[in-house]
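Chemist: Take a look and give me a structure for this.
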Amino acid sequence: MPDLLISAAAPDAGIIVVAAITTELVTEIRARHDLSPLATAAVGRLATGTALFGASLKGRERITLQMSGDGPLGSIAGDAWLLEPDVIGARGHAKNAVVDLPLNARGKFDVAGAVGAGSLQVTKSYEIGQPYVGVVPLYSGEIAEDLAAYLSSSEQIPSVVALGVLANPDGVRAAGGVLAQVLPGADEKAVALLEERALAMPPVTTLINDGADAHALLHALAGGLELRSHRTADIRFACTCTREKVEAALLGLGADELRRLAAERPETEATCEFCKKLYVFTSSEVERLAEEGGSALG
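Modeler: Okay, here's the model as predicted:
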């Protein structure tokens, strides 16, 4: 089924619920980075969480989540922004693409072991003004729990987050997630009901693998809450890299280093860490960049 995000509100209960199917997004990320199944589960969960966090994005706003841990993955990141009014662009990557660990005690991917102890950084960029950056210690490394802990501690929004990626060496069979946020003044009975539903709800990947779409995920968590104001958005893999941005990054090496590269290599290659697109610059193009850099300094 196509990737889709749905958000809805239960005004009487003071709760917002967001659900997303991200199987195609995670499949694309896995293929571009040649991720192992465990790395796919970790990056896929974070990319899905980023899309859920991006449900309220407007205009040129952007949300970036980065987890830096001492586990073998090193660090993982996800990005989300609006490609169009009802289309969310998203991407993700891991520092180390091939990580394999034994299954955890529950027989699941040991994402917590792959991530390790460290920190979660949340960056929100707006059309006007400086970005907001929040950094908190990782709660568990399981990603969903870490995102819920961030919302509760940094934004004072009690939340439930459930994320899942069902992957094997052949590919991604299911990916998606749900997020529920409790607004100030929410009905305590509704909050208790939501907590009960979260505990009783089957794993997200089980629901998706059995045929659940984003609507079904939404109601699996919301239960009997009366949901209104539905909003939908397609989710697509996308990247913002351009040749001009890569040139700017090369200029950061300095004129002397660029001249050395131009003299030693017929071509200089640069690869986008998010989409793996390869950019190739001839020695004459690198020399030109060196001249531009030198002129700028002069």
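
Chemist: and Ser68, what is it in contact with?
Modeler: Ser68 makes contacts with Gly74, Ser75, Gly118, Ser119, Gln121, as judged by CB atoms under 8 Å, 6 or more residues apart in numbering. The C-beta positions use only the backbone N, C-alpha and C, and glycine is treated the same way.

Chemist: On the three-state scheme, it is what?
Modeler: strand (DSSP: H, G, I helix; E, B strand; the rest coil).

Chemist: and it, how far is that from Val135?
Modeler: 9 Å (CB to CB, to the nearest Å).

Chemist: shared neighbours, those two?
Modeler: Residues touching both Ser68 and Val135 (CB under 8 Å, 6+ apart) are Ser119, Gln121.

Chemist: residue ranges for the strands of the stretch 151-298 of the chain, please.
Modeler: Under the criterion DSSP state E, counting those that start in this stretch, the stretch 151-298 of the chain contains strands at 159-168, 171-182, 228-237, 267-271, 278-282.

Chemist: right, and those strands - which one's nearest Leu57?
Modeler: Closest approach to Leu57 among those is made by strand 228-237 (9.0 Å; CB to CB).

Chemist: Hmm, Pro37 is touching Phe109, no?
Modeler: Yes. Checked against CB atoms under 8 Å, the pair Pro37 and Phe109 is within contact range at 7.0 Å.

Chemist: Pick out whichever of these two has more residues nearby.
Modeler: Between Pro37 and Phe109, counting by other CB atoms under 10 Å, Phe109 is the more crowded of the two (26 against 20).

Chemist: list the contacts for the residue nearest to that one when sequence neighbours are not counted?
Modeler: Residue nearest to Phe109 in three dimensions, not counting chain neighbours: Ala41, with 4.3 Å by CB to CB, 6 or more residues apart in numbering. When contacts are counted by CB under 8 Å, 6+ apart, Ala41 touches Phe109, Val111, Val165, Ala167.

Chemist: from those, which two are the most distant?
Modeler: Greatest spacing in the contacts of Ala41, by CB to CB: Val111 and Ala167 (11.3 Å).

Chemist: neighbour-wise, which of those two wins?
Modeler: Val111 (28 against 23).

Chemist: check contacts around the more buried one.
Modeler: Contacts of Val111 by CB under 8 Å, 6+ apart are Leu38, Ala41, Ala42, Arg45, Gly141, Glu142, Ile143.

Chemist: cool, and Leu103?
Modeler: Listed by CB under 8 Å, 6+ apart, the contact set of Leu103 reads Phe109, Asp110.

Chemist: please redo it, this time with the cut-off set to 6 Å
Modeler: If a contact means CB atoms under 6 Å, 6 or more residues apart in numbering, then Leu103 has no contacts.

Chemist: Same check on Leu46?
Modeler: So Leu46 contacts Leu65, Ile76, Gly78, Gly92, Ile143 (CB under 6 Å, 6+ apart).
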